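**Student:** This is a predicted model, with the sequence first.
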Amino acid sequence: MDFELTESERAFRDEVRAFLDENLREGAAESPAFLAEWTKKVRAKRWVGFSWPREVGGGGGSIMEQVILKDEMAKRKAPPLGTCMMGLAWVGPSIIQYGTEAQKQKYIPDILDGKYQWCTGYSEPDSGSDLASLKCRAVREGDDYVVTGQKIWTSLAMWAKKMILLVRTARAGEGAESGSPSGGAATDGAKRGAASKHSGITCLLVDMETPGITVRPIRNMTGSAHFAEVFFDGVRIPVENRLGDEGQGWQVTISALASERSSIAEVHGLVRKIDEVKALARETVRGGRRMSEDPGIRRRIAQAEAKIEAMRLNGMRFLTKQLRGEPLGAETSINKLHRAALEIGLGELALEILGSAGTLTGSEAPAVDEGRWARFALGWPDVVIGGGTPNIQKNIIAERILGLPKD
Amino acid sequence: MDFELTESERAFRDEVRAFLDENLREGAAESPAFLAEWTKKVRAKRWVGFSWPREVGGGGGSIMEQVILKDEMAKRKAPPLGTCMMGLAWVGPSIIQYGTEAQKQKYIPDILDGKYQWCTGYSEPDSGSDLASLKCRAVREGDDYVVTGQKIWTSLAMWAKKMILLVRTARAGEGAESGSPSGGAATDGAKRGAASKHSGITCLLVDMETPGITVRPIRNMTGSAHFAEVFFDGVRIPVENRLGDEGQGWQVTISALASERSSIAEVHGLVRKIDEVKALARETVRGGRRMSEDPGIRRRIAQAEAKIEAMRLNGMRFLTKQLRGEPLGAETSINKLHRAALEIGLGELALEILGSAGTLTGSEAPAVDEGRWARFALGWPDVVIGGGTPNIQKNIIAERILGLPKD
Amino acid sequence: MNFGFTDDQRFLGEEVHKFLESSYPLRTVREVVDSPTFGGSDATLWNRIVSLGWPGLCLSEAHGGAGLDLETLIVVLEETGRTLLPSPLISTILAARAIERFGTSSQRQSWLPGLADGSRIGTFAMLEAGDSLSPAGVGTTGRVEGNAIVLSGEKRFVPDAVGAGLFVIPVRMVDERAGRSASAGNGDRGDSSLDEIALVFVDREAPGVSVSPLAGMDLTKPMGTVTLSDVRIPLDHLLGETRLGWSAVEWILDLGAALVTAEAVGSVEAALELTTRFAKDRIQFGHPIGHFQGVKHPLAEIYVDLESFRSLAYYAIWAIDHDAPDAKLAVSRAKAYASDAFAQAGILGVQLHGGVGYTWEYDIQLYLKRSKWFRPIFGDADYHYERAARLGGL
Amino acid sequence: MNFGFTDDQRFLGEEVHKFLESSYPLRTVREVVDSPTFGGSDATLWNRIVSLGWPGLCLSEAHGGAGLDLETLIVVLEETGRTLLPSPLISTILAARAIERFGTSSQRQSWLPGLADGSRIGTFAMLEAGDSLSPAGVGTTGRVEGNAIVLSGEKRFVPDAVGAGLFVIPVRMVDERAGRSASAGNGDRGDSSLDEIALVFVDREAPGVSVSPLAGMDLTKPMGTVTLSDVRIPLDHLLGETRLGWSAVEWILDLGAALVTAEAVGSVEAALELTTRFAKDRIQFGHPIGHFQGVKHPLAEIYVDLESFRSLAYYAIWAIDHDAPDAKLAVSRAKAYASDAFAQAGILGVQLHGGVGYTWEYDIQLYLKRSKWFRPIFGDADYHYERAARLGGL
């Protein structure tokens, strides 16, 4: 075992640190002018799309360099590298692998420059975790696909200019399916094997201003809206906007780009959260006692910290595998399960430390920290449900790693 | 709500208390002479088989009187009422409901008098919780059934003179099944509906000295043997020993006698256990601190006590239903789940209180209480597994009460 | 021997159920609390409740009540819990029962009829800056000055504060040399300091009383801060006209804990029903999700917990009403068990609903928020399990 | 950057696996511990282990060892954990590493070769009547009398005590006025009392040493009581020839905790495999029971815990070996997490096996018993989480 960096890795890390020393200012993250400047600078460094090949404008960073960059950025709470989050996370890798030359030229530079936002049209009301059962339909008419159906849980659709969309296309000899009522199609789909369920799925790149698209924001329980529903009513998408072949949509959305999967960013986020909870426990006095002296609270904090440290170390084992070129599979569900439990557990812990004050949402005393803890404690569904439910993650481990039979 | 007894119930309770005052001596329970005397006296009171009709020699006790009797006995840690435990719990009720006159006269008095022990031949190696899939086969030959197969988890089979046995009988038109290899039968059985799975099952009353029966005790992980395997190799059982009709075996073993189901006896057992754990916590000093002062231990004890009290009160709600003549169903699984969790949890708690001393099985210091806590902590499988696994109990609640679909 | 409801009680419960189902389903409750005029109590709703006689249900007939057992209230509270009814019913009953138990005969006659007929909303104001359910948590002072008692302090997290007309408040009586407590002179700050504690009535309209609302997660359970700035109350506003001491405060807290737990029975029941229905309807991987043990077993566990804290809550209410020797223990067990169980049911409910579970439109998240309100109120699981350990001889 | 094993280490692990699978499968292990001559160490087994060089694997070559990193030992311990190998390997390594770290050069030369070549079995004896992993837990005294130190006390729960030839023991040094500790005269009983603590070597054969076995649940992990009745040891049996103080004891305890946790990785892995295999083979209600989420999800949870405490254990071993600043914290996290996880895996394993799981004949119950032994040894989850909280700044 060896936790040291090589000389060139250390040089890269020092470069990142020097950049941060020079450019990061405490509290500046909220200033739009600073952010614009920051974005320009990290783009110039090719740290936006750092894992992408240099020939498309990415940074060509090695796995280890990606880890170092993310690690240093997260430790210093730096602003994000690039502003087109969905485009960088989901759309770019798919286009790089499956896009035509024209598509690459049209979209990749804009994603890197953050010209506009992308959103992802994957989930549907009746598909949930079972993405393969989707029903949103595209019928080929001449040089267009005509799309009808609905998407849900589309992050930031309200602000996005483009969408990467998965639809079910009819192919020769499958006219019956595309013509069947959508309810029936889903049930049929579920009964067939996974391979065939995925086979009718096609990926399209959609301009959100195309006529027939309606976006309806979804207000969540804290009152804010992060997700939206998107409705398609006979929306015509040119065939040239298809990404990959017809029926290849499933593979298209699963990126095989060599990006690091050590969950380092998530771990830093959780470390920050547990540190906040520890500070809260030290500052909160209830019933004449500092809550950080309460043995139950101490134990729960120590337990959460052990779990977060385990995530960090698990991530380093995953990274080691990746660096050795070994395939990384279902084991990444381990950290997803920990994260789900921690997101819920840290919120609960904060509320239990605070007592009644924890439920307050206002900005004045006795609400603590302007009522942020109530939001802190209600934020877990974004992670726990959005990232695939714990039940799904457990199935993945049980079936793919332990080899237990499928349901 | 009314937790008072009626005048006649109070009179009965006072009678029980007076009897206990007069006849119970502290620590006498281990003396065989005392036990023999005790058994004679409670038999004279008709408290053995107290829930059974008076005409077969039982006590004809009402539901409420049964509760009072059990409650007072348990509170005073009195020896059992009657010595033929399996006969009283399982065999007697079945014979009373389904037996011929001759069978009643032959067996019931002996059960009440505790002349010999009975055992129950229900479980099989491949049936487990799925009792209906049993394979032990009986083929009718003249006036005998010829039984071949195996039973397992038969309590006290080593000491029993009689067994109540469930077998799968071939009926007209079902020859194929009884002739099929036993492995296949189980799989077929599982695929058919529950009704048909139960339909081929017949109940026999078996003398354990019949040739062809072999009993092999099962040593459990603490080194002692409570259960046994019983092997049947062409064992001939006279047809007159059949209890109920052919194919009626399933119903025969499910008693519909009006006995109380408030789990009062189990609750008293658990109260005794948690009291022992509390005493242990008070007496154990580790790391310079009395373990009863440890906040974590205090909380776990309080939690266990709340659960036990909930069981007691749940039991009283069940009892109220029974007293009103309302059917009592799947809700009794609630207390079974609590009991399983408590049996495991109290053992763990004791071991954690004791630290390394808890794992000792010898009789000298530093082992505590002659090493009984190690046995205390390894005893849960008898209850948790023998009484139907927690997963089965949860299915019962989810399907029968919440109405969720069956697996 | 009967640990269940009488036919009359069951009938009452059914009537309440029908009334709330038709008049205050969750859809309507949302409208009530979303309305800009809702400041902790809705007059229309309160009038309906009053016309049904709920506030006086368990008060003696001599004071305008219906004279029923406290246990009869359970069937009402389970229903208000099911529909998350935003009303100061529990607060008013708590104040009234405190007065009925500890008040002088003239105090009862003065105050109870107004609480029983709903013309006055009452509440009990315990917590202060130290957030402590203990004698040390009472920092608000009462100083006798001639014919008056002068009150100073701030009470936080007061349920239904904004709508209330009458506050019952524990205070620490100090002697006239300002700021020194009555027993401070004798150097004995031990148990005798418990005797400094008294309960007083404070009228919302009294000069020096100010009430401000607190915004919280659960809009159906409004709370507020009550500030007392040299509020002068007449001597006969001292409950029982004596220093009742900590034990009276503890009794009121226990009753409050028992009542909110009875209400929580209904809330968890409704949350379980909602989630169970969703699990039956929602198809995934070709099955209703309720077919999978990963969904069905957690739901069964919630049912087990629900029925168990239901039993504990029923018994706690009975034990308080009958001054049973184990009443405190019964309350602590019920509230502790329920606090954990409701928290679990809320989280699991939202989680099993998947994405829709935390949208504003879906009802399950309202129960999650209620569970957050419920946990600390009148003591959380840590507080009550520790108290139960102590009462249980540890 | 490499958080994994080298090819050499992996190869060693495979070799160890093959050897144990063929020579010491659980069936054979059962025979060893059931044999009437097994008193904590089996000579045949120990000789095999010695011939493979395991005791000296991580000792310096100068002292007869192979000079490998401590992390290399992990691949061996995982395998001994899988098959519940009843050997004093960990105890001997612990004693040897303590001597290597804290001993004088002549002490190392005297003692290490015998431990490295297995001719002597060593162990570390910490606990006493107070059952405390703290300075206060050291009650055994050492009194300097001329050229000797006279030891008195009783050490309990000493791993592999019966087979051991050399005990490394923390004692409290007292001055010659019997029973008074060295610092008692200066009135300062604070931190300086930590300096009274020293480590000594005690030879099994020294007059006054008596060892008695303790019967425990887990026959593969024998323990014993070591009584020291005025045992006279030469001055050069004082480890490091100085009073090393509590920090040295703590270091040894940490190493012990890390080593048993590495071994526990293998045990939990094997228990999970056994249970998973059973879940695939056992048919109930027409399906392998592993088809039901009620079985599959708990198994997945154990896998998650196993892999997580595996990471924590690997890092803890590395951190100790490299004197990393967070070594103590790393050990506490690993041992705490593993203590809970192994307990859970043991119970669940037996439970999912149903009736056969707790028969003497089935192997899964052996892992349950090992989990009971594992929990308290070198500190349980309560101890280590509290320590982690403290080290983490709470």
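**Tutor:** Here it is on my side, so go on.

**Student:** switch to C-alpha atoms for all contacts and neighbour counts from now on
**Tutor:** Fine.

**Student:** Need the three-state assignment for C:Ser132.
**Tutor:** Here C:Ser132 is recorded as coil under DSSP: H, G, I helix; E, B strand; the rest coil.

**Student:** out of everything not next to it in sequence, what's closest to it?
**Tutor:** With C-alpha to C-alpha, 6 or more residues apart in numbering or on different chains as the criterion, C:Ser132 has its nearest non-adjacent residue at 4.1 Å, and that residue is A:Gly287.

**Student:** Check the one you found and give its pLDDT.
**Tutor:** For A:Gly287, the pLDDT comes out at 85.

**Student:** Give me the below-cutoff pLDDT ranges for chain C.
**Tutor:** C:176-194 (pLDDT under 70).

**Student:** Show me what the residue of the stretch 251-394 of chain C found nearest chain A bridges to in the sheet.
**Tutor:** Nearest residue of the stretch 251-394 of chain C to chain A: C:Thr359, at 4.0 Å (C-alpha to the nearest C-alpha). Note on C:Thr359: beta-bridge partners by DSSP bridges are A:Asn220.

**Student:** My read is that A:Ile301 contacts D:Ala388, right?
**Tutor:** No. Assessed by C-alpha atoms under 8 Å, A:Ile301 is found out of contact with D:Ala388, at 9.3 Å.

**Student:** Give me the nearest residue to C:Ser60, chain neighbours excluded.
**Tutor:** C:Gly67 is the one closest to C:Ser60 (C-alpha to C-alpha, 6+ apart), at 4.2 Å.

**Student:** tell me the contacts of the residue of the stretch 251-394 of chain C closest to chain A?
**Tutor:** A:Ile218, A:Arg219, A:Asn220, A:Met221, C:Gln365 (C-alpha atoms under 8 Å, 6 or more residues apart in numbering or on different chains).

**Student:** what does A:Ile353 give?
**Tutor:** A:Leu280, A:Ala281, A:Thr284, A:Met291, A:Ile297.

**Student:** can you list the residues you listed in CSV and add pLDDT and secondary structure?
**Tutor:** Listed next are the contacts of A:Ile353 as CSV, based on pLDDT from 0 to 100; DSSP: H, G, I helix; E, B strand; the rest coil:
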residue, pLDDT, secondary structure
A:Leu280, 97, helix
A:Ala281, 98, helix
A:Thr284, 96, coil
A:Met291, 97, helix
A:Ile297, 97, helix
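
**Student:** neighbour-wise, which of those leads?
**Tutor:** A:Ala281 (24 neighbours; other C-alpha atoms under 10 Å in any protein chain shown).

**Student:** okay but that residue is in contact with A:Arg289, surely?
**Tutor:** No. Between A:Ala281 and A:Arg289 there is no contact under C-alpha under 8 Å: 10.3 Å.

**Student:** quick one on the thing from earlier: same list (the contacts of A:Ile353) but as TSV, adding distance to chain B.
**Tutor:** What follows is the contacts of A:Ile353, written out as TSV (distance: C-alpha to the nearest C-alpha, whole Å):
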residue	distance to chain B
A:Leu280	21
A:Ala281	18
A:Thr284	19
A:Met291	14
A:Ile297	10
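
**Student:** so which of those comes closest to D:Thr225?
**Tutor:** A:Ile297 (36.6 Å; C-alpha to C-alpha).

**Student:** separation between the closest one and chain C?
**Tutor:** 10 Å (C-alpha to the nearest C-alpha, to the nearest Å).
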